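Asker: Sequence below, structure please.
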Amino acid sequence: MKLISFLFYVFYVISSLDASIEDQVKKAIQDIKDKIPEPISISNSTITIPENNIISGTLNLSNFVVTGLKAMELSVKYSFLTLPEGFSFELENLQMHTGYQMNIPLFNISLLTFFGTGNLSLSLNGLNVNGSIRLLALPKLFSDVTTSIKDAKFSVTGFLEDPILSGQISDALTDAIVPTLNEKEFANFVENVLNTLVGEIIHRNGTEQVNFTSGELSMSPATKLNDIEIRINNLIHLLSGKNSPSGITEYS
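Answerer: Down below sits the predicted model:
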């Protein structure tokens, strides 16, 4: 009898949500996609490396353009309780191109300087990232992450003003990208990055359970089911940038 009562309670909690969790997640994903410009472009940017005993100098990027990110596909897998339990990220084609000019000495020795003026380009095809979602393990939300990619190409011109060396570097990096992104070590790196980002989002908002109406910490006790619901709703609000200081902002 207790089991039947518990099951009724479970379905009552789920059915009493203002909007289904699945609908909220879909809306959050669409909100994120809507804020991604196509293309992403930066006319000019200078990266200055702070002086130190190993590496210093400047890297100037011009006409930086990224295309294909807006076409990403992000889907979420749900359990029989309509709770998120897995995700899949697919990127069919990503193109990056930029002009560059660099002057980066090593160990403050002019003869050991990376320099050059030319172009950099990167193409990624068939990139997939999959993993599990563990709501009760926040901030370590993601686990069992896997990565795969079908094809990639890297190209650089003008490095050390040596076309032969530039070609060799382009070939070497092109050959290295696919096996590197298909390795478990890279998947572990992606998993750590994702969980770190979730942790930062939670930390900046002060708590995992935030009242987004009043901005105050919710201290009321909750059953595990209510706790799951709170975590889902909070995370959806955080990722969609609603009433959150760390929300996604549009590019200019």
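Asker: Is S123 bridged to anything, and to what?
Answerer: For S123, the beta-bridge partners under DSSP bridges are Q95, K153.
Asker: Only the C-alpha atoms, please, for stretch 116-128, written as PDB.
Answerer: Extracted in PDB, the C-alpha atoms of stretch 116-128 (Å, rounded to 0.1, in the frame of the first residue of the first chain):
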ATOM      1  CA  GLY A 116      54.500  35.500 -38.900                       C
ATOM      2  CA  THR A 117      51.700  37.100 -40.900                       C
ATOM      3  CA  GLY A 118      49.100  34.900 -42.600                       C
ATOM      4  CA  ASN A 119      45.900  33.000 -42.200                       C
ATOM      5  CA  LEU A 120      44.600  30.300 -39.900                       C
ATOM      6  CA  SER A 121      41.700  28.100 -40.700                       C
ATOM      7  CA  LEU A 122      40.000  25.100 -39.000                       C
ATOM      8  CA  SER A 123      37.200  22.800 -40.200                       C
ATOM      9  CA  LEU A 124      35.400  20.200 -38.000                       C
ATOM     10  CA  ASN A 125      32.900  17.800 -39.500                       C
ATOM     11  CA  GLY A 126      30.600  15.400 -37.600                       C
ATOM     12  CA  LEU A 127      31.500  16.400 -34.100                       C
ATOM     13  CA  ASN A 128      29.500  14.500 -31.400                       C
END
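Asker: Could you list the low-confidence segments of the protein?
Answerer: 1-21, 81-82, 204-252 (pLDDT under 70).
Asker: which residues of it fall in helices?
Answerer: 2-15, 21-34, 163-181, 184-204, 224-240 (DSSP state H).
Asker: Give me the contact list for stretch 141-156.
Answerer: Stretch 141-156 is contacted from outside by 87, 118-135, 137, 166, 169-170, 173-174, 177-178, 181-182, 184, 186-188, 190-191, 194-195, 198, 235, using C-beta atoms under 8 Å, 6 or more residues apart in numbering. Yep, even glycine has a C-beta here, placed from its N, CA and C like the rest.
Asker: Okay then, goodbye and thanks.
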